[in-house]
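Colleague: can't give you the sequence, but here's the structure:
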């Protein structure tokens, strides 16, 4: 169907929507193939339709991340992050790009740079977003700290507590995520012992 569409703009938008659907369905490799075919054309049209290009690129990076193609994801993500840093610093897409890039860096063991980005996301979301999004930022930082080698349990405990203070309902989820490591986060463990019914 994409081939018979006469308008390049319509072809790009249709392909973007198809890529979003494929990625959402867990068909990441197919989404990558689909989005990669129109990425260059969308980039050329970015001056006319920057939102479509950015949405397409975000989904392409997410598909690569989910498909564990972290090196390719990093290449696209670096370019997108630099563009948003220049064109719309502090915007919602920019903050999401920082967070997306931090997740990628974590997977390729660039932990120090990832931590800097997670902390920046927390700072920016505290200025711009609702408590739930700020809590997610703290939780991402906590999971990063717990996954370091060696783990930084003090930072994880502190970050989890910030998340819980913002969204009380996520305590049970955090306890479940920590499993046998719960006691390594003593403040979370103490709160769980008081608040959760065993």
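Modeller: Structure received. None of the values given here were measured: they were computed from a predicted structure.
Colleague: Distance check, residue 119 against residue 25.
Modeller: 34 Å (Cβ to Cβ, to the nearest Å). Bear in mind the C-beta positions are built from the backbone N, C-alpha and C, glycine included.
Colleague: Pull the contacting residues for the residue nearest the centre of the chain.
Modeller: The centroid of the chain falls nearest to residue 100 when counting by Cα atoms, centre = their mean (3.4 Å). Neighbouring residues of residue 100 by Cβ atoms under 8 Å, 6 or more residues apart in numbering: 58, 61, 62, 65, 77.
Colleague: Now the fourth one. Nearest residue, chain neighbours left out?
Modeller: Distances taken as Cβ to Cβ, 6 or more residues apart in numbering place residue 73 nearest to residue 65, at 4.8 Å, with adjacent residues excluded.
Colleague: how close does the one you found get to residue 66?
Modeller: Going from residue 73 to residue 66 by Cβ to Cβ gives 9 Å.
Colleague: between those two, which one's more packed in?
Modeller: Ranked by neighbour count (other Cβ atoms under 10 Å), residue 73 and residue 66 place residue 73 first, with 25 against 16.
Colleague: so which helix or strand takes in that one?
Modeller: helix 70-87 (DSSP states H and E).
Colleague: tell me what that helix is packed against?
Modeller: Contact partners of helix 70-87 among helices and strands, from 3 or more Cβ pairs under 8 Å, 6 or more residues apart in numbering; DSSP states H and E: helix 50-66, helix 92-107.
Colleague: Export those to CSV and append columns for mean pLDDT and distance to residue 38.
Modeller: Conversion of these to CSV gives the following (pLDDT from 0 to 100; distance: least, Cβ to Cβ, whole Å):
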stretch, mean pLDDT, distance to residue 38
helix 50-66, 96, 7
helix 92-107, 96, 19
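Colleague: Determine which of these approaches residue 178 most closely.
Modeller: Of all the helices and strands packed on helix 70-87, helix 92-107 sits nearest to residue 178, with 17.6 Å by Cβ to Cβ.
Colleague: okay, the angle between that closest one and helix 50-66?
Modeller: 20 degrees (axes from the mean of the first three to the mean of the last three Cα atoms, to 10 degrees).
Colleague: After helix 92-107, which helix or strand is next? Please name it.
Modeller: According to DSSP H and E, the helix or strand after helix 92-107 is helix 111-128.
Colleague: what residues does that following helix touch?
Modeller: Applying Cβ under 8 Å, 6+ apart, the contact partners of helix 111-128 are 90, 92, 94-95, 98-99, 101-103, 105-106, 133-134, 137-138, 140-141, 144-145, 148.
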